[in-house]
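**Student:** how would this look folded up:
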Amino acid sequence: MARTRVRLGQATPDEVSNLQTEAEQTRAELPALRKQLQQTEHLLSVLAGRSPGAGGIPAFVLSDFTLPAELPLIVPSELVRRRPDIQAAEALLHAANADYGVAVANLYPQLNLSANIGSQALTTGALFGAGSAVWSLIGQLTQPLFNPGLPAEKRAALAAFDAAAANYQSVVLESLRDVADTLRAVENDAQTLKALATANVAAQASLNSAQRQYQLGATSYLALLIAQQQAQKVQISLAAAQAQRLADSVALYQALGGGTNEAADSMT
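**Tutor:** Below you'll find the predicted structure:
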């Protein structure tokens, strides 16, 4: 149409060049969109337990999904504790603490007490001294009173406990950061979605106006096509914003750990 208008002297060659550039840019976006579509289909097949490309995925549209009516912008940190990574780090910390307790308990002398043991045998030097193994009471011991390896085991258990505590702190802080990021994303998604919904209403009104003007002969068919194109671009952006808010809503449930129903009930 632009070329025809140029031949008729109703437009300049620059108009053709601009439209051709825009058309080629739109055409260049198609391969990336096809790639994204194919990868999404493959992912859905895998999630459904099928091999990629096997098909059989039920058809659906974005409107089939319902966005949460309201998501919190503030959640208590206790909700984050259900995350599997925090639970695992907490279990490691408990295990390291138990191992340290065992190592300390093993430092206690293990012997059978009887009336034959004199009070001089129950001194610190006798129980833990270097010569404790050379005793006349050796036959009454269930194990040597001083095991040189036990202090080293205690230090190793303490080091393992410190490492588990540091790991637990790191996991908790990273989990809280994850939740903070998803909360911020949900908040920004809501603002973006609201703005695009308003823009979509305006674009549809502009398109309706262009259609009426074209029917009355007050505008060209090219202007009508441009109005349709702009309206479709806004709809694409709106659909992308809806999909992003759905994805970030799921990410928030995941960041809180546990099932979506439990997280939703807790947030409610």
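**Student:** Distance from the chain centre to the helix or strand containing residue 30, please.
**Tutor:** Assigning secondary structure by DSSP states H and E places residue 30 in helix 13-47. The chain centroid and the centroid of helix 13-47 are separated by 28 Å under CA atoms, centre = their mean, to the nearest Å.
**Student:** Next: stretch 40-55.
**Tutor:** 22 Å.
**Student:** From residue 208, how far out is residue 193?
**Tutor:** Distance check for residue 193 against residue 208: by CB to CB, to the nearest Å, it reads 23 Å. The C-beta positions use only the backbone N, C-alpha and C, and glycine is treated the same way.
**Student:** Neighbour count: these two, which is higher?
**Tutor:** Set residue 193 next to residue 208 and count neighbours by other CB atoms under 10 Å: residue 193 wins out with 16 against 12.
**Student:** tell me the mean pLDDT over the helix or strand that one falls within?
**Tutor:** In the assignment (DSSP H and E), residue 193 maps to helix 149-215. Mean per-residue pLDDT for helix 149-215: 88.
**Student:** for whatever helix or strand comes next after it, what is the average pLDDT?
**Tutor:** Using DSSP H and E, the helix or strand that follows helix 149-215 towards the C-terminus is helix 221-256. In this model, helix 221-256 carries a mean pLDDT of 90.
**Student:** And helix 221-256, what's buried?
**Tutor:** Buried residues in helix 221-256, defined by neighbour count with 16 or more other CB atoms under 10 Å: 222, 224, 226-227, 231, 234, 237-238, 241-242, 244-246, 248-249, 251-253, 255-256.
**Student:** now it against helix 13-47, angle please.
**Tutor:** For helix 221-256 against helix 13-47, the angle by axes from the mean of the first three to the mean of the last three CA atoms, to 10 degrees is 30 degrees.
**Student:** Could you give the number of residues near residue 101?
**Tutor:** Residue 101: 12 surrounding residues under other CB under 10 Å.
**Student:** which helices and strands sit right next to whichever strand or helix holds it?
**Tutor:** Using DSSP H and E, residue 101 falls within helix 84-105. Here helix 84-105 touches helix 149-215, going by 3 or more CB pairs under 8 Å, 6 or more residues apart in numbering; DSSP states H and E.
**Student:** distance between the helix it packs on and the chain's centre?
**Tutor:** With CA atoms, centre = their mean, you get 7 Å for helix 149-215.
**Student:** Which other helices and strands does that helix contact?
**Tutor:** helix 84-105, helix 221-256.
**Student:** for those, which one sits closest to residue 23?
**Tutor:** Set against residue 23 and scored by CB to CB, the helices and strands packed on helix 149-215 come closest in helix 221-256, at 10.4 Å.
**Student:** Just want the angle from that closest one to helix 149-215.
**Tutor:** Computed by the same axes, to 10 degrees, the angle separating helix 221-256 from helix 149-215 equals 160 degrees.
**Student:** contacting residues for residue 22?
**Tutor:** Neighbour list for residue 22: empty [criterion: CB atoms under 8 Å, 6 or more residues apart in numbering].
**Student:** Give me the pLDDT value at it.
**Tutor:** pLDDT, residue 22: 88.
**Student:** follow-up on the earlier one: adding distance to residue 7, write the helices and strands packed on helix 149-215 out as TSV.
**Tutor:** Shown next, in TSV, are those (distance: least, CB to CB, whole Å):
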stretch	distance to residue 7
helix 84-105	68
helix 221-256	14
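**Student:** Okay, domains of the protein per the record?
**Tutor:** Annotated domains of the chain cover 1-59, 75-90+164-268, 107-146 [automatic domain parsing].
**Student:** got CSV for those, with distance to residue 153 too?
**Tutor:** Shown next, in CSV, are the domains of the chain (distance: least, CB to CB, whole Å):
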stretch, distance to residue 153
domain 1-59, 47
domain 75-90+164-268, 16
domain 107-146, 9
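**Student:** Pick the most deeply packed of these.
**Tutor:** Mean neighbour count (mean count of other CB atoms under 10 Å) peaks for domain 75-90+164-268 among the domains of the chain, with a mean of 15.
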